[in-house]
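**Q** All I have is the shape, not the residue letters:
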């Protein structure tokens, strides 16, 4: 058997060394490749999840810090028993022999809407709608998530289709609060409710004196508008943030 020539062995070693240098030119390159593989894994897992669960596929998981507030936390901040509110809406819909639709606008990590999907009894569909997708969404089996901007809410929810819509710092961060709210209000069913917070510095035609009620007309639909003060920490006067607005469709 012929032995390989020294020059051939040297050429092969040189080629291996060049490839090694291209692959691991620096520690940062190794980290970048590892992160790339992780992202591909996350995407495949989400694609599998989306095809099975009809999830609107996230364009990109957000790097922003997301809220980890559950239903109890939001209830305390808004001064609203959301579990009871959602349960009553589901019971009413089931009595009318239909499936209730519950939506959280700007779900963050999805803790609140996921908790509602587990604890509320009856037939209902639960949705999380927001433009910032979180990897935790993949873990929630009973919630359908949609990653989209607020202006396209009507693309996914038709008029007269939503029983309860609530938002904690979701609608409050939209580019034009009043315009977005007016666009999504027709999606509420008669008797349906939208509850959202709004920052005190945000200019809005919906701000009225606390305990005062106002009738809002959108097209041929009528809504009662109410608002209460919103404190970041319950009972702490110095933590005043803004208002909690309630829209209830009456016609």
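**A** Cool, got the structure. Only a predicted model underlies this, so the values are computations on that prediction, with no experimental measurement involved. Numbering: from 1, shown residues only.
**Q** Name the residues of stretch 108-120 that are buried.
**A** 108, 109, 110, 111, 112, 113, 114, 115, 116, 117, 120 (16 or more other Cβ atoms under 10 Å). C-beta coordinates here come from the backbone N, C-alpha and C atoms, glycine included.
**Q** Poorly predicted segments of the chain, please.
**A** Counting by pLDDT under 70, the ranges of the chain that qualify are 1-67, 211, 232-240.
**Q** what's the first-to-last distance across stretch 126-134?
**A** 17 Å (Cα to Cα, to the nearest Å).
**Q** Same question for stretch 214-230.
**A** Note: stretch 214-230 ends 19 Å apart using Cα to Cα.
**Q** Dump the buried residues of stretch 108-120 to CSV, plus distance to residue 72 and secondary structure.
**A** Formatted as CSV, the buried residues of stretch 108-120 follow (distance: Cβ to Cβ, whole Å; DSSP: H, G, I helix; E, B strand; the rest coil):
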residue, distance to residue 72, secondary structure
108, 15, coil
109, 15, coil
110, 15, coil
111, 10, helix
112, 9, helix
113, 13, helix
114, 13, helix
115, 8, helix
116, 11, helix
117, 15, helix
120, 14, coil
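**Q** out of those, which one sits closest to residue 231?
**A** Residue 231 lies nearest to residue 112 out of the buried residues of stretch 108-120, by Cβ to Cβ, at 18.4 Å.
**Q** any idea how far the closest one lies from residue 118?
**A** From residue 112 across to residue 118, the span is 11 Å (Cβ to Cβ, to the nearest Å).
**Q** And for residue 185?
**A** From residue 185 to residue 118 the distance is 28 Å (Cβ to Cβ).
**Q** ok, now residue 73?
**A** Distance from residue 73 to residue 118, by Cβ to Cβ: 16 Å.
**Q** Find the residue closest to residue 73 in space, skipping its chain neighbours.
**A** residue 112 (7.6 Å; Cβ to Cβ, 6 or more residues apart in numbering).
**Q** same deal with residue 189?
**A** residue 160 (5.3 Å).
**Q** What of residue 171?
**A** residue 196 (4.4 Å).
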